[in-house]
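Enquirer: Sequence first, predicted coordinates after that:
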Amino acid sequence: MSAGANTYLRYPLTTRILHWLAAASIFVLLWSGIWILNIHPRLYWGDVGYFGAPAIAEIAGDTSTDPPTMTLKIGEASFNVTGIIGRVNRLPYVRIANYPEGFQFGGNRALHFTAAWVFVIAWIYYISHLLSSGRLRNTWLPNLDELKPANLAQDILNHLKFKRAHGEEVKRYNSLQKLSYLSVMFVLIPLIILTGLTMSNSITTAWPFLFDVFGGRQSARTLHFVFISLLMLFVIIHVVQLFVAGFINHFRSMITGRYKLESD
C-alpha cells in the first residue's frame, strides 16, 4: 500500500453531532444505571419485586468472610465474582462504578432519566436524518447480493480474522455492519426506550398497555437490563472493529467528517 491518499466526506455534520451526543448520554446512562442496580441488585419477572421474592438473577454476598464472598446467581447457576463485585455499606457494587461521595438515589435516578431523554431525542433526530437525507437507503440498506449466505459467511469470516478493508470498499459498509446498525437503530434501541418507559409511573399511567407488552414492571426492568447489555456488547465490538480498521483515521473522521482513503 502506498503512502499516497485522498480524503472524502464520510460523515456529515448531523451524523457527527448526534453520534457524540448519543455516546455521551450512553456513558451517563450506563454509569448511573449501575448505581441504580447497586441499590437493588436483583432481577424479577412479573410486576412485583422485593427482597425475599423469587429472583431470576441477583448479586449476593457472604459477609462472614473478609473480603465478602460475592456471588452472581442466574436461575439455578451460581458464579463466584469476588474481586469483580464488592460490597460497601452492606450494598454490592460493581468495581467500575463505586458510590460517589454524597450519593443520593433520587438525584441519580433523575440524572438517569435526563440522560435517557437526551438519548431519545438524539435517536429520533437521527432516524429523521437517515430518512430525509437518503442515508438509510443509500448507505444502510443491504441489497439482495449482500444478503446471500455466501456473502454473509465471507463477511463473518473476515470479521473473525480481523481482516481490514482496503481501497474503495472502505467507502461502503459491509453486510454485517448494515444488518447490525439496522438491528440496533430500529429494534434494540426502541426496545430499550419502551422498557425504560414502562418503569416510569407517569408514563404507565397514560400508557398502561406497556405492562401487558412486557409482562409487568419488573419484567420490563429485567428486559431493560438485557437489552442494555446487548447494546454494550455492540459498543465493545464496534470499538474493537475501529482498531482493526484504523482507529485514528475513523476517530478523526467522526470529528472532522473527512476520512483518509489510502490506496493499495
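Expert: Structure's in. What do you need? Numbers count the residues shown, from 1 in each chain.
Enquirer: Give the next helix or strand downstream of the helix or strand of the chain with the lowest mean pLDDT.
Expert: Taking mean pLDDT, DSSP states H and E as the measure, strand 91-94 is the helix or strand of the chain with the lowest mean score, a mean of 54. Sequence order places helix 105-133 as the next helix or strand after strand 91-94, per DSSP states H and E.
Enquirer: How about the most centrally placed residue in the chain: what's its closest non-neighbour residue?
Expert: Central residue of the chain (Cα atoms, centre = their mean): Leu231, 2.5 Å from the mean position. Distances taken as Cβ to Cβ, 6 or more residues apart in numbering place Leu188 nearest to Leu231, at 5.9 Å, with adjacent residues excluded. (C-beta placed from N, C-alpha, C; glycine too.)
Enquirer: What residues does the one you found make contact with?
Expert: Applying Cβ atoms under 8 Å, 6 or more residues apart in numbering, we find Leu188 in contact with 227, 230-231, 234.
Enquirer: before we move on, what SS does it have?
Expert: The three-state assignment at Leu188 reads helix, by DSSP: H, G, I helix; E, B strand; the rest coil.
Enquirer: ok, it to Phe234 distance?
Expert: Using Cβ to Cβ, to the nearest Å, Leu188 is found at 7 Å from Phe234.
Enquirer: picking up where we left off before, mind checking how far the residue nearest to the centre of the chain is from Thr195?
Expert: Separation of Leu231 from Thr195 (Cβ to Cβ) stands at 12 Å.
Enquirer: how far away is Leu131 from Arg137?
Expert: Look at Leu131 and Arg137: by Cβ to Cβ, they are 9 Å apart.
Enquirer: Show the residue spans covered by the strands in the stretch 1-150 of the chain.
Expert: Remark: strands assigned in the stretch 1-150 of the chain by DSSP state E, counting those that start in this stretch are 5-9, 42-43, 57-62, 69-74, 77-80, 85-88, 91-94.
Enquirer: For the second one, what does the pLDDT average out to?
Expert: Per-residue pLDDT values over strand 42-43 give a mean of 90.
Enquirer: Need the contact partners of it.
Expert: For strand 42-43, contacts defined as Cβ under 8 Å, 6+ apart pick out 49, 51, 55-59, 218, 221-222, 225.
Enquirer: can we see that at 7 Å?
Expert: Strand 42-43 has contacts (Cβ atoms under 7 Å, 6 or more residues apart in numbering) with 49, 55-58, 221-222, 225.
Enquirer: and those residues, which are buried?
Expert: Neighbour counting by 16 or more other Cβ atoms under 10 Å classes 49, 55-58, 221-222 among the contacts of strand 42-43 as buried.
Enquirer: Leaving out the residues flanking it, which one is nearest to Val48?
Expert: Excluding the flanking residues, the one nearest Val48 by Cβ to Cβ, 6+ apart is Gln218, at 6.4 Å.
Enquirer: What of Thr15?
Expert: Leaving aside its chain neighbours, Thr15 sits nearest to His129 (7.2 Å; criterion: Cβ to Cβ, 6+ apart).
Enquirer: distance of that neighbour from Trp123?
Expert: 11 Å.
Enquirer: His238 now?
Expert: 16 Å.
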